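Student: here is a sequence together with a model predicted from it:
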Amino acid sequence: MALVEVGRFDRQLAYIVQGRLEDEGIPSFVFDAGTSIADGSYLLIPVRVMVDDEDVEAARAILDAAG
C-alpha cells in the first residue's frame with residue numbers, strides 16, 4: 001500500500017473529508033492534525049488527507065463532485 005495525498009485542508013474539514021471518503025468505502029488517513037494543534041497554529045498548517053494509490057482516482061472524483 002502506497003499512500004497518496006488527495007488534498008490539504010484545515011483540521012476540521014480534513015476529518016469531514018475523511019468521513020465522506022470512508023462512507024464511500026475508501027479508507028483514508030489524516031496526517032499532520034496533531035502537529036497543527038501541538039504548536040498552536042492549526043489555522044496555518046494544512047492537514048493532509050491520504051488514500052491508497054489504488055483509490056486515489058475514486059477519492060478525487062468524490063471530492064470533485066462535493067465541490
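Tutor: Arrived safely.
Student: helix/strand/coil for the residue most central in space within the chain?
Tutor: Nearest to the mean C-alpha position of the chain, by Cα atoms, centre = their mean, lies residue 49 at 2.0 Å. What DSSP: H, G, I helix; E, B strand; the rest coil gives for residue 49 is strand.
Student: residues touching it, list them.
Tutor: 5-9, 14, 17-18, 21, 28-31 (Cβ atoms under 8 Å, 6 or more residues apart in numbering). To be clear about C-beta, it is placed using only N, CA and C from the backbone, and glycine gets the same treatment.
Student: residues in a beta bridge with it, which ones?
Tutor: residue 7, residue 30 (DSSP bridges).
Student: quick one, grab the pLDDT at it.
Tutor: If you check residue 49, the pLDDT there is 97.
Student: that older thread, any chance of the contacts of residue 49 in CSV, plus distance to residue 61, neighbour count and pLDDT?
Tutor: Below are the contacts of residue 49 laid out as CSV (distance: Cβ to Cβ, whole Å; neighbours: other Cβ atoms under 10 Å; pLDDT from 0 to 100):
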residue, distance to residue 61, neighbour count, pLDDT
5, 16, 11, 96
6, 10, 22, 97
7, 13, 16, 95
8, 18, 14, 94
9, 17, 19, 92
14, 18, 23, 94
17, 13, 21, 96
18, 16, 21, 97
21, 11, 21, 97
28, 14, 20, 97
29, 19, 13, 96
30, 20, 16, 96
31, 21, 15, 93
